[in-house]
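K.L.:
The sequence and its predicted three-dimensional model are supplied below.
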Amino acid sequence: MTAQLAAYSTSTGEAVQFWILGTLAVLGALCTVFLKKAVHSALCLAGTMIVLAVFYLANGAYFLGIVQIVVYTGAIMMLFLFVVMLVGVTAADSLKETIKGQRWLALLCGLGFGILLFAGIGHASLKDFEGIGRANANGNVEGLASLIFTRYVFAFELTGVLLITAAVGAMVLTHRQRIGRARTQRELAEQRVREGKHLPPLPAPGVYARHNAVDIAGLLPDGTPSELTVNKTLRERGQIRDVSAEALNDLRALEQRAEERLERTAIEAATFKRPEEASK
Amino acid sequence: MIALLIAAPLLGAAVLLVGGRRLDAVGHWIGTLLASASFVIGLVLFADLLGREAEQRTVVQHLFSWIPVAGFQADVAFRLDQLSMTFVLLITGVGSLIHVYSIGYMEHDERRRRFFGYLNLFLAAMLLLVLADNYLLLYFGWEGVGLASYLLIGFWQHKPSAATAAKKAFLVNRVGDMGLSIAIMLMFLTFGSFAFEPVLSQVGDTSEGRLTAIGLMLLLAACGKSAQVPLQSWLGDAMEGPTPVSALIHAATMVTAGVYLIVRSGAIFNAAPDAQLAVTVVGAVTLLFGAVVGCAKDDIKKALAASTMSQIGYMMLAAGLGPLGYVFAIMHLVTHGFFKAGLFLGAGSVMHGMNDEVDMRKYGGLRRYMPVTFVTFGLGYLAIIGFPGLSGFFSKDKIIEAAFAKGGTEGWILGGVALLGAAVTAFYMTRVMLMTFFGEERWRDRAEASGQAAATPHESPGVMTIPMIVLAVGSVFGGAFFSIGDRFLHWLEPVTGHSEGHPPVGAWAVTAATVVCLLIGVAVAWAQYGRRPVPAVAPRGSLLTRAARRDLFQDDFNHVVLVRGGEHLTRSLVYVDHTLVDGVVNGAAASVGGLSGRMRRLQNGFARSYAVSMFGGAALLVAATLLMRAV
Amino acid sequence: MSFPLLTATAALPAVGAVATAAVPAARRTAAKWLALAFSLGTLALAATILVRFDPGGARYQLTESHSWIAAFGVRYELGVDGIAVALIGLTALLVPFVMLAGWHDADPLETGSRRWRPTQGFFALILALEAMVILSFEATDVFLFYIFFEAMLIPLYFLIGGFGDRAHERGEKAASTQRSYAAVKFLLYNLAGGLIMLAAVIGLYVVAGSFSLTEIAQARADGSLRMATGVERWLFLGFFFAFAVKAPLWPLHTWLPNAMQESTAPVAVLITAVVDKVGTFAMLRFCLQLFPEASTWATPVVLVLALISIIYGALLAVGQRDIKRLIAYASISHFGFIIMGIFAMTSQGQSGATLYMVNHGLSTAVLMLIAGFLISRRGSRLIADYGGVQKVAPVLAGTFLIGSLATLSLPGLAPFVSEFLVLVGTFTRYPAIGIAATLGIVLAALYTLVLYQRTMTGPVRKEVSAMPDLRVRELVVVAPLIVLLIFLGVYPKPVTDIVNPAVQQTMSDVHQTDPKPEVEAAK
Amino acid sequence: MNPVNYLYLAALLFTIGATGVLIRRNAIVLFMCIELMLNACNLALVAFSRMHGNLDGQIVAFFTMVVAAAEVVVGLAIIVSLFRSRHSASVDDASLMKL
């Protein structure tokens, strides 16, 4: 091996690491894109990021590698997960395309772009391969720090401004202005009476369902689920778990057992049909 | 002084037309006064000319430069020589008489002031025509008389027929005017000028072909103005105008402008025999055409109009003979001016007395009721048929003689046509005479049939009869006065030139033949209309009669080919303009609009679609960068 | 520095436009008088130009020159030659008459809203248009010219689209759609032309390195600026296309009938008598001076197109049923004459064309304004709705007849002089085209007289029987124009004296001399 | 191994991320894909830093992270408020501009 080539190449260990972790990173990226549930995507992305952090470290960017793990994967990705939870962790996206031709165009563009990038990199004259050793001679963090606080100090200050602005912006965006005075309980009660919709407190979930999770609707005496019992947010997300059929089956089993024991014939099977079915 | 000739009637026209209703009471007097003033000035100038040597009788007055553009000099300059003087006297003289006549004739018309304004305008334009020193100024007058004729034919505008006739006259004249303007352009191209002097004196320097072209274009112009075949169709319709107008414009003066133009441009025609031949042919054809049409018309004014056409045909024929005939053409023009004006005024007087009835089949036996009219009309009649001793005899006889003198086969043919024309003229004029003044009183039947009390025809007032008498005197003695001692010949010769012809037969033989023809014509007419009663409703008649009644299908031809064809052409062009030319424009707009509509679909509101476009754009940019580097 | 007369002449109406627009809604009459006063002031300034202009002096006089966009060498350069003086005079003269004629055209139909100020807008737009037209006659910088050439579309667009034939529209819903169609068509058509011209303007700058007309023309004349034949031809076509749209030349004419038909008569007069003249004027000033060789090259085609315009316009005029459309097609025919005169490349033709621009402005103004008066009385533009007007309104009919006669170029009225000069000028070089063009004078007689006959003569129709004759205001508009028509028809020397030197200059720019009379040439 | 391979990996990740942006409708996943693209860029920057033997590439990557953090904060805030008003995190639902 000539000195030139030596400068180009890296150790075998790094090569092994690259091929294994690189494959993982690509897999993670693909999963991020193609998995249906946002939460899975987020986890895959986190994995990819950790792989990337390892690559940073391998490339001598120790500070960045740590930051990548701590800040990016640890903070930002968790923020993602937080929002995913807020929006609904169980909701699965349909991957069916609704815009005509969008998918094909996207794939075509992506493919073309990738080929172009690869071609560009292949064409680029990357002859002098310095290695990071000299730059990291005084320690990576110290080196970065001296650059940040000298040459890039202005940009650094600006990023500070940017972060503050972003924080304020996020607050503004998510903050709901309270326009009027908060209504007292009495007023709310009066309003309820005036509207005449539902006077007593809403029923709790799972009351007659033998489950007590918040997303399980309580059953009405006839065995049908009552949506009123479920939290509004869950209702809107469509995350109500319906266990009424289970309850009815249980009931039927109970009655069958009772028949067997009391040796009576079934009164009428049709009565156990759900009311809306009966009405059809 | 010359300018004053024109200025007087022009002033009259301006005052009368701008003055408004305030002048209604005195308008006709102002008009007549200024027309007469012009006549008086003409007489003074005439006396002045007579006092000079024959060679120095050309007076040129340069007023101002009209259109001064590099290489193009059009001046307002007047040229008074013997030829124009003759016309000036004819125009102002007959014009003044007709002004006087109109005072009576138009008495009951509320727009009489305006009528006199138009008449004055006509006089000014006609004087400008004959006094102009260059062809462009002549063109000015030429169109000016066209305008006056338009206004006067259409004077009774509330009648659609009058308005249509006026428009037709103007349009047909415009076709002729096109010829004149092309002739002027040819002159400018050839000689660099269109003043009489440089053009006519340089005729020898250019080719005969060019001169023939100019000559033919001038002939086209003359055909339009003088109602010669093939542009004759307007004259008959022009009789929609008041009768004094027919007398002044469509008999005595304006229609003879074509003859003036050809005689004035004699030098050009002399050097272009082909053009000359064309003039004689046109003259001869029109002569017969007019005569044939005249035989069949029952409308007294239209019969006279056809006669006018025919008589101008004589003049054209003479003018086409070159120096042989110029003088006689003008002489016939002048005598014709007298007797035809007289005849028209007579016809007007008859109509005046008959409640504007124009159909001769509803006249008859009028000689007892309007003696003055009868006598003056009769004298005019005798003059036009060339009764020996009266003015028409002298002038027409000379023309026939000159036609024979042309020599060769041409001479025989032309002479024969002229003789035939004389016979037919005698026939139709006798017919008019007999149907109007002799025979039974057919107007009574009509009045009884319609249940009205028979309106007794009455003689016209003095203001109308006096001009008729004066004109009758002119028609009786004019010819003799001009011919005795060849006065007219000597007077005009310096301008037009003259060469004695040598007729193949003796002059007396020609005269005798003329008289014989005339007697035959009268006799046939007497046999048909004098001895038998005239049916009040026109019989169907022979094919020729029916054709003649319809102006030998000229109008039908025009209608089918020009009017109908033109209508189709314009209609299809309107369609083409709308669908094709505008369609291309609108189509371009619509396709841009359609394309935009398609493009708008791309703006579907989906952020991801925009992202694809953005990403595609980025890819293209990368590609472009790579390509640039590769190059 | 002397008083900037040219700038002042253009600035005065511009200031007037602003002032008029600022008049409160209620003071409608005051706005009209104010606008009229400004237009009369402009007329006075234009008269001053006429007096100060010395026909025998330098080519461009009263020049002003200031740097404007230094980076591209665009200068604010003004100057007038004889042709421009004549046309500025025409513009300044017509505007007051047009305002008077349209005195009531922009009164609001219902007096309700206090903020709605159509009257002020109408008069302000007219003044703005006047300013831009005058500036485009004055500009000797190609870029400056281009700006005003395009900018005048804006006020005109609003004038066409915003103010239609009031009387005609009553009870007709479709009218406003048609009007906006006409306005949009006008705008797009002219914008397209202008856009192509812009490309040519930029191309010219690339080739010549300057926008100054005088500099480029000078360089072209003394040979220091050579253009490749192809380049010159393309640039010429770019300029010519824009001017041919504006002029308009067949087959780019279809916007004119729509625009004139839908706009009020005063606006129609402004379009055809003033704005379109910028197109023909620019052919004379820019096409010929900047691209002499290409102009000579294009002459045969342009002449044939002009000839088609003449005959085609006239034939279509015959076939129209709408008075204003008829006049529009007649104008197309006349523009054919003007363009033919310009490209005949003879001094008669070009002098004639310049005179024609002035005379056509006057004659069309008379005819169109009276047609407008007529239409406002009866509320219909259709010829068939009239008949016998002569009987009830003789003065109206008489003046209309004079306008018609001017349109058909009767000798004694101004258009004859110019038309004949154009014909002679064309004939001496291209006899066949000259002869064919004389057909146009026959057709002109046909369409004008048919129009007159159908509207004015014949039995009086019931609908027109109560029609009032011309009012004093209307007579004040028409009478001076008619007097001018007659005066210039008999004594056009004042105009030709101003125009001739400029025409000679243009002739020498295109390296053309008049053909000699054949008799002289033979000697 | 040639360190250029890091660049190829970065390009691949970037492309995958970009394609993800184009085909996913869920705003959150979309954001994640954007993060993926940013990270790919960071990897390339770090690799460049190593190739050129100076730390500027790492500095830029550092700034990128900061900006990404800011972006995520604002972006997620937008998603939350979007979800609040529309009860959906699909970007296709926010298409008021469409015809």
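P.N.:
Received, thanks.

K.L.:
The spatially closest residue to residue C:28 that is not a sequence neighbour and residue C:369, how far apart?
P.N.:
In space, residue C:28 comes closest to residue C:119 once its chain neighbours are excluded; the distance is 4.6 Å by CB to CB, 6 or more residues apart in numbering or on different chains. Using the backbone N, CA and C atoms, a C-beta is placed for each residue, glycine as well. Using CB to CB, to the nearest Å, one obtains 19 Å as the distance from residue C:119 to residue C:369.

K.L.:
between those two, which one's more packed in?
P.N.:
In this view residue C:119 and residue C:369 are compared by other CB atoms under 10 Å in any protein chain shown, and residue C:369 has more residues nearby, 28 against 24.

K.L.:
Contacts only, for the more buried one.
P.N.:
Residue C:369 makes contact with C:97, C:98, C:101, C:265, C:266, C:269, C:474, C:477, C:478, C:481 under the criterion CB atoms under 8 Å, 6 or more residues apart in numbering or on different chains.

K.L.:
Repeat that for residue B:533.
P.N.:
Contact analysis of residue B:533 by CB under 8 Å, 6+ apart lists B:439, B:440.

K.L.:
again, 10 Å this time
P.N.:
B:364, B:439, B:440, B:442 (CB atoms under 10 Å, 6 or more residues apart in numbering or on different chains).

K.L.:
so which of those residues would you say is closest to chain A?
P.N.:
Proximity to chain A was ranked across these by CB to the nearest CB; first place goes to residue B:442, at 94.2 Å.

K.L.:
Confirm for me that that closest one is in contact with residue B:457.
P.N.:
No. Taking contacts as CB atoms under 10 Å, residue B:442 lies outside contact range of residue B:457: 11.7 Å.

K.L.:
Could you pick out the longest helix of chain B?
P.N.:
Once chain B is assigned using DSSP state H, the helix that runs over the most residues is helix B:160-191.

K.L.:
is chain C contacted by that one?
P.N.:
Yes. Using CB under 10 Å from any CB of the partner chain, we find that helix B:160-191 touches chain C at B:160-164, B:166-168, B:170-182, B:184-191.

K.L.:
Centre of the chain to that helix, how far?
P.N.:
Computed by CA atoms, centre = their mean, to the nearest Å, the chain-centroid distance of helix B:160-191 equals 11 Å.

K.L.:
nearest spatial neighbour of the residue in chain D positioned nearest to chain A, skipping sequence neighbours?
P.N.:
Among all residues of chain D, residue D:53 sits closest to chain A, at 2.6 Å; criterion: CB to the nearest CB. Using CB to CB, 6+ apart and skipping the chain neighbours, the partner closest in space to residue D:53 is residue A:130 (2.6 Å).

K.L.:
Residue B:59 now?
P.N.:
Beyond its immediate neighbours in the sequence, the residue positioned closest to residue B:59 (CB to CB, 6+ apart) is residue B:80, lying 4.5 Å away.

K.L.:
Next: residue B:334.
P.N.:
Nearest non-adjacent residue to residue B:334 (CB to CB, 6+ apart): residue B:90, at 5.6 Å.

K.L.:
sorry, back to before: can you say which of the residues of helix B:160-191 next to chain C are buried?
P.N.:
By the neighbour-count criterion of 16 or more other CB atoms under 10 Å in any protein chain shown, those include these buried positions: B:160, B:162-164, B:166-168, B:170-182, B:184-191.

K.L.:
Which strands or helices does the longest helix seen in chain D pack on?
P.N.:
Among the elements of chain D assigned as helix by DSSP H, the one spanning the most residues is helix D:56-86. The elements that helix D:56-86 packs onto, with contact taken as 3 or more CB pairs under 10 Å, 6 or more residues apart in numbering or on different chains; DSSP states H and E, are helix A:62-67, helix A:77-87, helix A:140-149, helix A:153-174, helix D:27-52.

K.L.:
Please identify the buried residues of the first one?
P.N.:
Along helix A:62-67, these residues count as buried under the neighbour rule (16+ other CB under 10 Å): A:62, A:63, A:64, A:65, A:67.

K.L.:
Serialize those residues to a markdown table and add fields for pLDDT.
P.N.:
As requested, the buried residues of helix A:62-67 are arranged in a markdown table below (pLDDT from 0 to 100):
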| residue | pLDDT |
| --- | --- |
| A:62 | 90 |
| A:63 | 91 |
| A:64 | 92 |
| A:65 | 92 |
| A:67 | 91 |
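
K.L.:
Pick the one among those closest to chain B.
P.N.:
Once CB to the nearest CB is applied, the member of the buried residues of helix A:62-67 that ends up nearest chain B is residue A:64, at 25.9 Å.

K.L.:
isn't the closest one right next to residue D:45, touching?
P.N.:
Yes. In this structure residue A:64 lies within contact range of residue D:45 using CB under 10 Å: 9.1 Å.

K.L.:
Count the residues that sit near residue C:502.
P.N.:
Other residues lying near residue C:502 total 24 when counted by other CB under 10 Å.

K.L.:
Quick check: next helix or strand after the helix or strand containing it?
P.N.:
Residue C:502 is located in helix C:493-509, with elements delineated by DSSP states H and E. Scanning forward in sequence from helix C:493-509 by DSSP H and E, the next helix or strand is helix C:518-522.
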